[in-house]
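In: I would like to see how this sequence folds:
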Amino acid sequence: MAEKLALPLLLPNPPPAKPFFQETQLQTPGIPPLSQSHQSSPLLNDLIQRRENLTSVPFSVPGPRRRIGKHRDPNRGKPWFHSDLSSQGEQILQSLIDPQFEVKNLSDELSALLSSTDQEDELLGISSESVFSNCFAIIKALGHHKKCDLALGVFEWMKKQRGSMNFINGSVLAVIVRILGKEGRVSAAASLLHDLNKDGFGIDVYAYTSLISAYANNGRYREAILVFKKMEEEGCTPTLITYNVILNVYGKMGMPWHKIMAIFDGMKRSGVVPDSYTYNTMISCCRRGSLYEEARGIFEEMRLAGYQPDKVTYNALVDVYGKSRRPQEAMEVLKEMEQKGFAPCVTTYNSVISAYSRDGSLDEAMELKSKMLENGIKPDVFTYTTLLSGYEKAGKDEFAMRVFEEMKSAGCNPNICTFNAMIKMFGNRGKFAEMMKIFDDMRSCGCKADIVTWNTLLAVFGQNGMHTEVAGVFKEMKRSGFVAERDTFNTLISAYSRCGSFDQAMAIYKLMIEAGVVPDLSTYNAVLAALARGGLWEQSEKVFDEMKNRRCKPNQLTYSSLLHAYANGRQIEKINKLADEIYSGVIEPHSILLKTLVLVYSKCDQLKETEQAFEELHQHGSSPDITTLNAMVSIYGRRRMIEKAQDIISFMKESGFTPTLTTYNSLMYMYSRSENFVKAEEILRDLLAKGIKPDSISYNTVIYSYCRNGFMKEASRILLEMNESGVIPDVITYNTFISTYAAAAMFVEAIDVLKYMISHECKPNESSYNTIVDSYCKLNRRDEARMFIDNLRKLNPHISREEERRLSERLVTR
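Out: Below you'll find the model as predicted:
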């Protein structure tokens, strides 16, 4: 919803701005605003104002505001027509959009416009205003026809004409940036503005806003924020539209609420009055963080500001309550919406139904579905799928199937998402017969399996080690006319390797070859990534050589996987050799590789090399990502370099990075080894307060901090909390307790922990036994160590004879 609330508009005659870049610019007189009723073109008004040499006044255009996001093209759905395009310009445009037109003739084609230059302009030594007006109209038309390169060509020709600096203003630049943005060429747009700035052209608020919007529309939110900050630093005052765009970006990034409010408050302090779309965007920003209280506050402020909530406002607020699992409040908003004369739509009801389903109030959700029908609103596929998912999560599979059957009987055909969810549901429960029945039902309903469907089937069988069934699914895919794609195999190889199922990953690779699918670069990269996770660097080198022998050119991901293989195999010299090739340019020093070097050197605890890689990344003008920054925090944390670690954390916050669980775990590790060890639990509480679920590493680190300092009661408290949170203690958890008790000669307690972990199906490793044996020996209590080994089979009936023999030999050497 929010993406429809804050799209930039092109407004004529923007206020003057300071330069975007640091180079000195040529200064030109400012332009006073025109009333919206003025009939002249923006370019003509611009020319008049410059000739009169008037100074600028504050930009303030009274009158009604246009709906943000509304299409401004009056020709939408019709053949292109522009009021500023002369008959000659129209002829040129028709030539340019002709598929047979050759770009090399562009200059000659546009030169025809110069023949209309009037006498006054000739005396002034500049091209006619009509020339630039026609060029501007042609550029917009070419953008409409999706001819981006031609539009850029016209712009470059326009820029070379005499007097172009008097006509190329924010409106022109905004159009160019918008055209490039739609083509996904945002970096090119930024470079264009940079070059124009160096050439003396002014970069104003609307050029800034269009660039921010282009970054945002292409999902490059961080760059959008950097442009906004740079804009403010240069003293260019954002407009209402700019603020609406950046608020939308902050919402999509899931920025902390205080940062969103800082933008909102700064907007009001600068004298820019929020409009209804600003408030709607602010409410939408509350969805990701389940900030229902904040959403209600914005809703009330909106009314106090004199804006009446509309249907968009109510739907956004309902959705926030739905995401926050506040069904009662969502229902209250729905009722208020009806009282205000806004009829709830299916989207409104679906949000409330989702709220009830998330809250586990499935009876209420079903009642609301009935109310929908009473009000003449027919439930759609999302209604039924939401209910189905709610019952599935509650473990009520029978009710979920009833919803599915009702859905079909009501004439609402399930979509592929519905079937995929059900296939996954039964597959995860190991109900393969039912899963395949759903697959058959899907086909009988005329719903064609997509790549997600087949991948889901393959993943379910593969994860259960059912290789025969995996092969059967492939055969069924072929029989039904569906050709397995490389992505299917590549995805499975990656998925299995991430789960630690390396053998399964290689089995899928073999199956891929047997299926006649030729490996490509992505396949090799997936296999290399799987090998890297196991530290199998020798096999990785063989695959790398095979790639080159088959003339499959390695890319950045290939070298990245090779570096990770060396790191996990502790082959530091091989990492150094590859790093030298990257730094020297033998291998292109792509940002991916520089970031990888930071990661692998940090993983290998090579501080100097990690810092060098991080500096190289900076020198190449590349921004670090959260993973890179986490690697820096990690190595500084392991080295207990608290000040440097905090510097990285400060940079993350200033740059808009949201710390991840890995960030918090690294900080907990750092403090757990310091004198301020209680800080580890404080960080644990902080991440819990932020709604981040700790993992076993989080709890193990805090447990270690207390055990290391002899606070066993506190350590036991964290262990209890760990169990209650659903995080299963692992062998590291128990070994921490065993080693602490054994070091303190509390062998009864240590052996009790060993018994406990065995009874809870956590298999002890060599370290579990070694710690107790070694501690007995250190205290010269070898007889007790011998007795412990002799009685191990009573503790663990599944211990192997080899393990008993190994421990006996260890006792002799101690």
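In: ok, residue 147 - contacts?
Out: By Cβ atoms under 8 Å, 6 or more residues apart in numbering, the contact list for residue 147 reads 96, 97. The C-beta positions use only the backbone N, C-alpha and C, and glycine is treated the same way.
In: which residues touch the residue minimising distance to the centre of the chain?
Out: Among the residues of the chain, the one closest to the centroid is residue 253, at 7.7 Å (Cα atoms, centre = their mean). Residues in contact with residue 253 (Cβ under 8 Å, 6+ apart) are 221, 222, 225, 656, 658.
In: tabulate those residues (JSON lines), appending pLDDT.
Out: Output for the contacts of residue 253, formatted as JSON lines (pLDDT from 0 to 100):
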{"residue": "221", "pLDDT": "81"}
{"residue": "222", "pLDDT": "79"}
{"residue": "225", "pLDDT": "87"}
{"residue": "656", "pLDDT": "68"}
{"residue": "658", "pLDDT": "71"}
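In: what's the closest of those residues to residue 554?
Out: Closest approach to residue 554 among these (Cβ to Cβ): residue 222, at 28.4 Å.
In: now the closest one: which helix or strand?
Out: Element membership for residue 222, per DSSP states H and E: helix 221-233.
In: how far off centre is that helix?
Out: 18 Å (Cα atoms, centre = their mean, to the nearest Å).
In: what's the first helix or strand after it?
Out: Toward the C-terminal end, the helix or strand that comes next after helix 221-233 (DSSP H and E) is helix 240-253.
In: quick one on the thing from earlier: how about the helix holding residue 222: buried residues?
Out: For helix 221-233, the buried set under the neighbour-count rule, 16 or more other Cβ atoms under 10 Å, comprises 221, 222, 223, 224, 225, 226, 227, 228, 231.
In: contacts for that helix next, please.
Out: Contacting residues not belonging to helix 221-233 are listed as 17, 20, 186, 190, 205, 208, 211-213, 215-216, 238, 242, 245-246, 249-250, 252-253, 623, 655-656 [Cβ under 8 Å, 6+ apart].
In: JSON lines for the contacts of residue 253, including distance to residue 457?
Out: JSON lines is the format used below for those (distance: Cβ to Cβ, whole Å):
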{"residue": "221", "distance to residue 457": "35"}
{"residue": "222", "distance to residue 457": "37"}
{"residue": "225", "distance to residue 457": "41"}
{"residue": "656", "distance to residue 457": "40"}
{"residue": "658", "distance to residue 457": "35"}
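In: low pLDDT regions in the stretch 551-700 of the chain?
Out: The stretch 551-700 of the chain contains residues with pLDDT under 70 at 551-552, 656.
In: any idea how far the residue of the chain most remote from its centre is from residue 777?
Out: In the chain, residue 783 marks the outermost C-alpha relative to the chain mean, sitting 59.3 Å out by Cα atoms, centre = their mean. With distances taken as Cβ to Cβ, to the nearest Å, residue 783 is found 11 Å from residue 777.
In: repeat for residue 298
Out: Counting by Cβ to Cβ, the gap from residue 298 to residue 777 is 67 Å.
In: go on, residue 242?
Out: Per Cβ to Cβ, residue 242 is found 71 Å from residue 777.
In: ok, now residue 591?
Out: 52 Å.
In: residues near residue 273, how many?
Out: Here the number of neighbours of residue 273 (other Cβ atoms under 10 Å) works out to 9.
In: ok, now the one 4 residues further on?
Out: When neighbours are defined as other Cβ under 10 Å, residue 277 has 26 of them.
In: so which elements touch whichever strand or helix holds it?
Out: Assigned by DSSP H and E, residue 277 belongs to helix 276-285. Packing partners of helix 276-285 (3 or more Cβ pairs under 8 Å, 6 or more residues apart in numbering; DSSP states H and E): helix 240-253, helix 257-269, helix 292-304, helix 311-323.
In: in TSV: the ones you listed, plus distance to residue 402 and mean pLDDT.
Out: Formatted as TSV, the helices and strands packed on helix 276-285 follow (distance: least, Cβ to Cβ, whole Å; pLDDT from 0 to 100):
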stretch	distance to residue 402	mean pLDDT
helix 240-253	37	88
helix 257-269	40	88
helix 292-304	31	90
helix 311-323	23	89
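In: out of those, nearest to residue 707?
Out: Nearest of these (Cβ to Cβ): helix 257-269, 36.5 Å.
In: helix 292-304 and the closest one, what's the angle between them?
Out: Computed with axes from the mean of the first three to the mean of the last three Cα atoms, to 10 degrees, the direction of helix 257-269 lies at 10 degrees from that of helix 292-304.
In: can you list the buried residues in helix 257-269?
Out: Applying 16+ other Cβ under 10 Å to helix 257-269 flags 260, 261, 263, 264, 267 as buried.
In: stretch 140-156 too?
Out: Within stretch 140-156, the residues that count as buried by 16+ other Cβ under 10 Å are 140-144, 147-148, 150-155.
In: same question for stretch 364-378.
Out: Buried residues in stretch 364-378 (16+ other Cβ under 10 Å): 364, 365, 366, 368, 369, 372, 377.
In: which of those residues fall within strands?
Out: Among those, the subset assigned to strands under DSSP state E is empty.
In: now distance to residue 107 too, for those, in JSON lines please.
Out: Listed next are the buried residues of stretch 364-378 as JSON lines, based on distance: Cβ to Cβ, whole Å:
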{"residue": "364", "distance to residue 107": "69"}
{"residue": "365", "distance to residue 107": "65"}
{"residue": "366", "distance to residue 107": "69"}
{"residue": "368", "distance to residue 107": "65"}
{"residue": "369", "distance to residue 107": "65"}
{"residue": "372", "distance to residue 107": "62"}
{"residue": "377", "distance to residue 107": "59"}
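In: pick out the most distant pair among those.
Out: 364 and 377 (17.0 Å).
In: give me the element the residue lying closest to residue 579 once chain neighbours are set aside is part of.
Out: Residue nearest to residue 579 in three dimensions, not counting chain neighbours: residue 597, with 5.6 Å by Cβ to Cβ, 6 or more residues apart in numbering. Secondary structure assignment for residue 597, by DSSP H and E: helix 591-603.
In: relative to helix 591-603, how tilted is the helix or strand following that helix?
Out: Using DSSP H and E, the helix or strand that follows helix 591-603 in sequence is helix 607-619. Helix 607-619 and helix 591-603 meet at an angle of 160 degrees, taking the same axes, to 10 degrees as the criterion.
In: quick one on the thing from earlier: what packs against the helix holding residue 597?
Out: Using 3+ Cβ pairs under 8 Å, 6+ apart, helix 591-603 sits against helix 556-568, helix 572-584, helix 607-619, helix 626-638.
In: same for the helix ranked longest in the chain, what does it pack against?
Out: Taking DSSP state H as the criterion, the chain has its longest helix at helix 129-144. Contacts defined by 3+ Cβ pairs under 8 Å, 6+ apart place helix 129-144 against helix 42-52, helix 87-96, helix 148-160, helix 170-182.
In: ranking the ones you listed by mean pLDDT, which is last?
Out: Ranked by mean pLDDT, the helices and strands packed on helix 129-144 bottom out at helix 42-52, with a mean of 31.
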